[in-house]
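Asker: the following comprises the amino acid sequence and a computationally predicted model.
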Amino acid sequence: MSVTVRPYRRGGWEVDITVRLPDGSRHRERSRAPLSSKSAAQRWGVEREREWFNELTRPQPELRSQKEAPTLAEFGPRFVDGHARANRQKPSGIAAKETILTIHLVPLLGSKRLDAITTEEVQRLKHRLRDRAPKTVNNVLTVLNMLLKKAVEWNVIERMPCAVKLLPVPKPSMGFYDAEEYEQLVDAARATDANALVIVLLGGEAGLRCGEMMALEWRDVDLGKRQICVQRSEWKGHVTAPKGGRLRYVPMTVRLATALREHRHLRSARVLCREDSTPLSADVVKHCVERAARRARLSESGVHRLRHTFCSHLAMRGAPARAIQELAVHKHLITTQRYMHLSPAALEGAIRLLESSGVHRNCGDISETAEGDSAISNE
């Protein structure tokens with residue numbers, strides 16, 4: 001290695017550096033020193049020689065393998081196992097991803113390499129699903145987007161190959177039973193059977209989801225405190241934590257507590273079960289509600305409609321949005337706010353704030369002042 005300093009033709013000093021590497025190769029660099037004196041240029045050259053030698057001999061990082069990216073069909077099972085199952089997602093969530101891959105993504109994009117999926121092909125997927133509800137389309141797009149992101153994260157592909165934009169989803173109307181319809185449904189359920197009455201009251205007066213009703217056990221029911229602990233949910237035989245991942249305590253109405261006390265049995269640990277002690281399935285729970293609705297001559301039915309009724313009636317009776325959110329375990333307050341337009345107390349209270357703030361009095365003062373100013377200007 002050598003460093004030679006000589007005068008630069010336009011002034012200053014030229015530094016000529018030669019570096020010989022252990023493998024015998026020789027490298028040369030000539031440049032103008034950024035310093036004015038020869039000794040300073042010499043020192044700069046020595047330092048630059050050391051840095052350059054280190055750069056040339058530093059081990060190079062291994063280049064990303066140029067192996068061809070897998071197709072979507074090939075990567076799909078790896079995504080489900082390595083992401084959904086590895087993170088212990090709910091069985092219903094895993095099944096939903098597998099269904100979306102099988103029915104929607106693989107038939108159209110299955111043969112495409114992950115790094116070759118284009119934005120135009122994503123738009124073609126949207127067009128193919130044009131007859132589906134926007135929420136369904138967004139569910140498919142979300143799985144595709146997450147699959148591609150995991151491929152990038154796991155170094156299967158270098159970058160996202162396309163843009164995945166969701167469709168705008170209009171806020172759905174929250175169908176519910178009004179007070180008269182709900183009472184008709186309760187009476188019809190009472191006349192149907194004990195399970196039907198408990199199901200209607202658990203949904204309409206405690207806000208439980210279908211899976212939460214199915215998994216409810218007697219140890220979760222405290223009749224003394226009139227309180228239910230919702231700490232599990234069932235989906236096709238799989239018992240998991242309820243939606244949102246945390247348990248909640250729901251106070252019982254007198255009518256619900258009475259119905260549970262009268263329904264108390266020793267056939268099973270489950271509150272809802274058949275005469276042979278086997279648990280009720282989701283289809284049976286839904287059928288109980290439908291039978292009661294037909295008996296009550298109501299055109300609309302559904303277990304989740306009972307949950308909407310629970311939230312809607314709380315809003316109509318003036319319950320605070322935060323209280324409804326806690327009782328219903330809504331992850332986002334915006335979900336609860338869909339019911340708040342039903343709260344006459346909230347709207348009435350908001351308008352009354354205008355009266356109590358002295359707006360009318362202030363308006364009167366302003367009018368008087370304006371008249372005074374007008375008189376002065378006329379003078």
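Answerer: Good, I have the coordinates.
Asker: can you list the low-confidence ranges for the protein?
Answerer: Scanning the chain with the threshold set as pLDDT under 70 gives 1, 60-66, 172-173, 343-350, 356-379.
Asker: show me the residue sitting in the middle of it in space.
Answerer: For the chain, K331 is the residue whose C-alpha lies nearest the centre (CA atoms, centre = their mean; 8.7 Å).
Asker: how close does it get to P242?
Answerer: Distance of K331 to P242, given as CB to CB, to the nearest Å: 12 Å. No exception for glycine: its C-beta is placed from N, CA and C like everyone else's.
Asker: what of S299?
Answerer: Distance, S299 to P242, using CB to CB: 30 Å.
Asker: apart from its chain neighbours, what residue comes closest to C288?
Answerer: Counting by CB to CB, 6 or more residues apart in numbering, A196 is the residue found nearest to C288 once chain neighbours are left out, at 4.2 Å.
Asker: give me the neighbour count for the one you found.
Answerer: 23 (other CB atoms under 10 Å).
Asker: please identify the helix or strand for it.
Answerer: Applying DSSP states H and E as the criterion places A196 in helix 194-206.
Asker: list of residues touching that helix?
Answerer: Helix 194-206 is contacted from outside by 177, 182, 185-186, 189-190, 208, 213, 216, 228, 250, 252-253, 255-256, 259-260, 262-263, 271-272, 280, 285, 288-289, 291-292, 303, 306-307, 309-310, 313, using CB atoms under 8 Å, 6 or more residues apart in numbering.
Asker: again with stretch 101-116
Answerer: Stretch 101-116 has contacts (CB under 8 Å, 6+ apart) with 68-73, 75-76, 80, 117, 121, 124-125, 128-129, 140, 143-144, 147-148, 151, 156-158, 161.
Asker: can you check stretch 69-78 too?
Answerer: Stretch 69-78 is contacted by residues 101, 105-106, 109-117, 147, 151, 156-157 when judged by CB under 8 Å, 6+ apart.
Asker: redo that, cut-off 6 Å
Answerer: Stretch 69-78 has contacts (CB atoms under 6 Å, 6 or more residues apart in numbering) with 101, 106, 109-115, 157.
Asker: extract the CA atoms of it and return them as PDB.
Answerer: Once non-C-alpha atoms are left out, stretch 69-78 reads as follows in PDB (Å, rounded to 0.1, in the frame of the first residue of the first chain):
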ATOM      1  CA  ALA A  69     -41.200 -16.700  -5.600                       C
ATOM      2  CA  PRO A  70     -43.900 -19.300  -4.800                       C
ATOM      3  CA  THR A  71     -47.400 -19.000  -6.300                       C
ATOM      4  CA  LEU A  72     -50.300 -17.900  -4.100                       C
ATOM      5  CA  ALA A  73     -51.700 -21.400  -4.100                       C
ATOM      6  CA  GLU A  74     -48.300 -22.700  -2.800                       C
ATOM      7  CA  PHE A  75     -47.900 -20.000  -0.200                       C
ATOM      8  CA  GLY A  76     -51.500 -20.100   1.100                       C
ATOM      9  CA  PRO A  77     -51.200 -23.100   3.500                       C
ATOM     10  CA  ARG A  78     -47.900 -21.700   4.800                       C
END
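Asker: buried set for that stretch?
Answerer: 69-73, 75-76 (16 or more other CB atoms under 10 Å).
Asker: still on that earlier bit, which ones among the contacts of helix 194-206 lie within strands?
Answerer: Among the contacts of helix 194-206, the members found in strands (DSSP state E) are 228, 250.
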